[in-house]
Every structure is written in C-alpha cells, then in structure tokens.
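Novice: Pasting the sequence and the predicted coordinates here, then a few questions.
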Amino acid sequence: MGERRIWTAPRIGYVTPKTGALAQFAAPDNYVIAQVKKSSFFKKGMKIGGTTYTFEIIVKDSQSNPSIAGQVTQQLIQGSGVDIIVTSSAPETTIPVSAVCEGAGIPCVSTVCPWEAWWAGVNSSNSIGAHGNAVGTSPKYCSMFFFGVPEFVECFLPMWDRVQKMTNANHVYAGMFPNDADGNAFRAAWPPTLNAISAATNGPAWTFVDGGAYTDLSTDYTSMIQTFKTGANGKTCDFFVNAPLPPDFNTFWKQASQQNWNPKLATVAKVMLFPADVYALGKLSNNVATDCWFAPNAPYHSSLDGVKASAFAAGYQAQTGQQWVQSMGSTYSLFEVVIEALKHVKNPHDRLAVANAMKHVKYTGMCGPLNFSNPQGPAKGIGTIKPVGIQWKPGSKSLVGGKKYAWSPWVVDNTLNKHIPIQAALEPTNK
C-alpha cells in the first residue's frame, strides 16, 4: 500500500461551508479553485524529490455544522485517501477539521479563524494565558494562518480613538459575544488586550459592557440592547464590537436601530465581510466598520502564477457577476501554503515531513507576507495576517474592475499595514 501511494497523485481535501449559516465565506470557492488549477503547479505538475506529481482537489461541504465538518473530514481521510487537508471559515469549520486531522496524523492548514479559538479548540490541554499568549504545545500535524484578538484590537482601536476625538464619545463599549468558540475567545481576551494596547500608547482606559453569552441564532436582543443603552458609570456605550454569526448581527442591528441605540462607531468581526450581509441591512450598513485581510488594492500577488490581487478580484466579478469578497484571498492562500511546504519535502505522501514543512513556511502571496515560524508570532505553526480597517459606504467605479456597486468596502485605516493604501475617510457610524 505504501509503495503504491508514493507514485500516486497527492490528494488535497478541502472542507468548506458551502451551505448553512457560514455559506457566504464559501461563495467564491468554485472560482478560487479554478484559478488554483490553472497555475502551472496544478496544471503541469510539480517536481518533488525527483518525481513530477499532479494534484487532485476534493471538496467537502461542512454545511456550517461542526459535527458534519468532522464527519466529512473522516470521509476524506478514510474514503478518499487524502494526503493533505485544507479548511476555512470560522471555528465551527476549522476546529473540528483540524482536530480530526491531528488525531489521524494528516497534515492540515486552516484559515479564517482567530488563532486563540483554534489553539484551544484543537488541543483541549492548550489555553490562552493572562496576557493573551498561547499556553501549551503546537499541534503536531496542524498549522493555521489568520490573526487573533491583538490584531483585531490593533485594527479597531485606532478607529475608536479617531472617532472618539471627532465626536467626544464615551470611552464605554458594548460587546456582543455569543456562547461559542469565537464569542468566548473574544469575551476573555478583548478587554485585557484592549486596555494593555491602549495603555502602551498612553491611551485611556476603556470600560467594557458585556451583553451576555447568548445562544447562537437567538431572535430577541431587547435585553442586551437595553444593557448597552444603560452602559456603565452613567454613560451609554458609544462603541460596539462583536463576533456573532451573520444572521444574528442582522437581527440585532435592526432591533438596535428600532430601539434607538446608535453607537458612534460599530466595529464588527465575523460579519459584514460580505455584500449579502450589507445589502440585507440597506442603509443601516452605512459606515459600519470591520477588519479586512484581503484587499484588492493591496500590492500583493499570487505566489502560484503572479496574478495581482486586483486582477484576481476583478476576474471574480467578471466571471460570476458577483461582488468580490475577502474570503477568496485566504482560500487561495491555503493552496499557496501547501505548495510552499511541498517545495521543502522529498515525498508528498510523507505526512509528518509535510506537516513539519508547513510550520516553516515563509513567503509572500495573495494575502501578503506569511511566516509560520516567526519567533514573535503566537506559536510555531501560526502565521499572522495584518488586517486593515474598512467601512461600508456607497460604491464607486474607481474601485475593483471599474464596476460600481450600491455598497462597497473602503479602506479607512491602515495602521497595521501601511502597504495597503487608504481609500476613504473614516466616519462615525452614527453622528
């Protein structure tokens, strides 16, 4: 069996939420995989250890369900005989996939999950320290790239500071964090990380008002909204941060407007990443801010074929008729990371060698520079993207592909990544 596998095409499994609550993350998957397959590494093959190999990509739908994510990962391993698994889009997908791979000894790389949630989720003996540091041992077979609470804070805090000065807003903020992997990670890490980073720059102390660990897909947020209106120390919450499922933010944000809670700046995580979220809210989307890890105006390009980020995004719009989404960049980078790792092994079927090579990947590609062994990083095997701040505003032909959409994301703060140009002025969400 082992000898036969040495000469077979390496199989790459891809687990993604094609359907369900997280399906918007996977909307560009077909386009992205088609572009990956056009690159010479996949079209003509890649020489590894003196032999040229072609690749197979097998896609499985997690249905946005952690249990199913684990099940389809088992199917890829036991039924399809994959050599490597890549996965994307929220802890609900990436953690169960990584955990199964770790147990089975299959190299896996994941993305679009805060590293804190992934770190503690893949290995239950791991934890996050009092200073937001990774405590424990890196998984043997699994790696990941994205960013964590410190980068979210460093992305959002400069926007908070600027809007606070514009509006003389209160230094009191609301946190909408559900009782799930993302929400619990944010609730634990955000307040101490925020105040530590603010203090390090001689900034003010911020007061946190917790909306409570609600259940995903709740439908009534009246009590939470009243908590935010009441605020703390006689001051209402003028800033807002969250990490909910997309449908939950839609429900919450509409109810907040109806109940007249209008924070000066809303900075949201895990939601408002996709045009569908924005159009569903209409004018309530105006100047809602979020993080951006793949920006078409960035000076980055594919490590597989040299295609620029701008052309990659414009091509998606031209071929599908749909507005670009930033998850397309990170999904593409999953396959870049695989190729980078395989450049440093002699046998693509040697699972431990591939897993070790992934932990040493250092390159620049579609999402910019990634270094999985950076001594300043959270832990070995974790690559960190530096996000920029964006706000949703009415679109313009000056943006991607010269096509104007009703709403578009505009880069308004590049504190963390000066390579990505500012496109518009930061404005309060509510004045």
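Specialist: The structure has been received and is ready for your questions.

Novice: Contact partners for the one residue sitting closest to the centre of the chain?
Specialist: Here the mean C-alpha position of the chain is nearest to the C-alpha of Val112 (C-alpha atoms, centre = their mean), at a distance of 2.8 Å. By C-beta atoms under 8 Å, 6 or more residues apart in numbering, the contact list for Val112 reads 25, 88-90, 94, 146, 327, 330. Where you see a C-beta, it was placed from the backbone N, CA and C, and this is true even at glycine.

Novice: What of Gly377?
Specialist: By C-beta under 8 Å, 6+ apart, Gly377 lies in contact with 371, 383-384.

Novice: from those, which is closest to Lys37?
Specialist: Among the contacts of Gly377, Gly383 lies closest to Lys37 (C-beta to C-beta), at 23.5 Å.

Novice: who wins for most neighbours among the contacts of Gly377?
Specialist: Top of the contacts of Gly377 by neighbour number is Gly383, holding 28 neighbours under the definition other C-beta atoms under 10 Å.

Novice: ok, for it, nearest residue in space, not its chain neighbours?
Specialist: With sequence-adjacent residues excluded and distances taken as C-beta to C-beta, 6 or more residues apart in numbering, Gly383 is closest to Phe145, at 3.4 Å.

Novice: pLDDT score assigned to that neighbour?
Specialist: For Phe145, the pLDDT comes out at 98.

Novice: do His131 as well
Specialist: On pLDDT, His131 comes in at 79.

Novice: Just to check, Val337 is in contact with Ser110?
Specialist: No. Val337 is not in contact with Ser110 according to C-beta atoms under 8 Å; the separation is 10.1 Å.

Novice: what do the two both touch?
Specialist: With contacts taken as C-beta under 8 Å, 6+ apart, the residues that reach both Val337 and Ser110 are 86, 143.

Novice: In strands, which of the contacts of Gly377 fall?
Specialist: 371, 383-384 (DSSP state E).

Novice: Can you give me every residue that contacts Gly365?
Specialist: Taking C-beta under 8 Å, 6+ apart, one finds 300-304, 332-333, 336 in contact with Gly365.

Novice: ok so Asp220 is a strand residue?
Specialist: No. Looking at Asp220 with DSSP: H, G, I helix; E, B strand; the rest coil, it is coil, so not inside a strand.

Novice: What degree of burial does the residue lying closest to it once chain neighbours are set aside show, as a neighbour count?
Specialist: Spatial nearest neighbour of Asp220, chain neighbours left out: Gln255 (7.7 Å); criterion: C-beta to C-beta, 6+ apart. The number of residues packed near Gln255 is 16, by other C-beta under 10 Å.

Novice: And Asn133, by the same measure?
Specialist: Neighbours of Asn133 (other C-beta under 10 Å): 12.

Novice: picking that back up, next, give phi and psi for the residue nearest to the centre of the chain.
Specialist: phi 60, psi 60 (degrees, to the nearest 10).

Novice: quick revisit: can I get the ones in strands among the contacts of Gly377 in a markdown table with pLDDT and distance to Asp61?
Specialist: Converted to a markdown table, those look like this (pLDDT from 0 to 100; distance: C-beta to C-beta, whole Å):
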| residue | pLDDT | distance to Asp61 |
| --- | --- | --- |
| Asn371 | 98 | 31 |
| Gly383 | 97 | 26 |
| Thr384 | 97 | 28 |
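
Novice: Tell me the most packed of the contacts of Gly365, by neighbour count.
Specialist: Ser333 (31 neighbours).

Novice: ok but that one is inside a helix, no?
Specialist: Yes. Assigned with three-state DSSP, Ser333 falls within a helix.

Novice: start the count at 320, not 1, going forward
Specialist: Shifting the count to begin at 320 puts that one at Ser652.

Novice: Can you give me the distance of it to Ile404?
Specialist: Per C-beta to C-beta, to the nearest Å, Ser652 is found 15 Å from Ile404.

Novice: residues contacting Ile741?
Specialist: With contact set as C-beta under 8 Å, 6+ apart, Ile741 has these partners: 730-733.

Novice: Name the SS class of it, please.
Specialist: What three-state DSSP gives for Ile741 is coil.

Novice: Could you report the neighbour count for the residue lying closest to Asn498 once chain neighbours are set aside?
Specialist: The shortest distance from Asn498 to any non-neighbouring residue, by C-beta to C-beta, 6+ apart, is to Ala532 (3.9 Å). By other C-beta under 10 Å, 12 other residues sit near Ala532.

Novice: Could you check the pLDDT of Ala532?
Specialist: At Ala532, pLDDT is 97.

Novice: dump the residue contacts of it.
Specialist: 496-498, 502-503, 506.

Novice: just curious, which of the ones in strands among the contacts of Gly696 is nearest to Lys357?
Specialist: Gly702 (24.5 Å).

Novice: what about that closest one, distance to Ser652?
Specialist: From Gly702 to Ser652 the distance is 9 Å (C-beta to C-beta).
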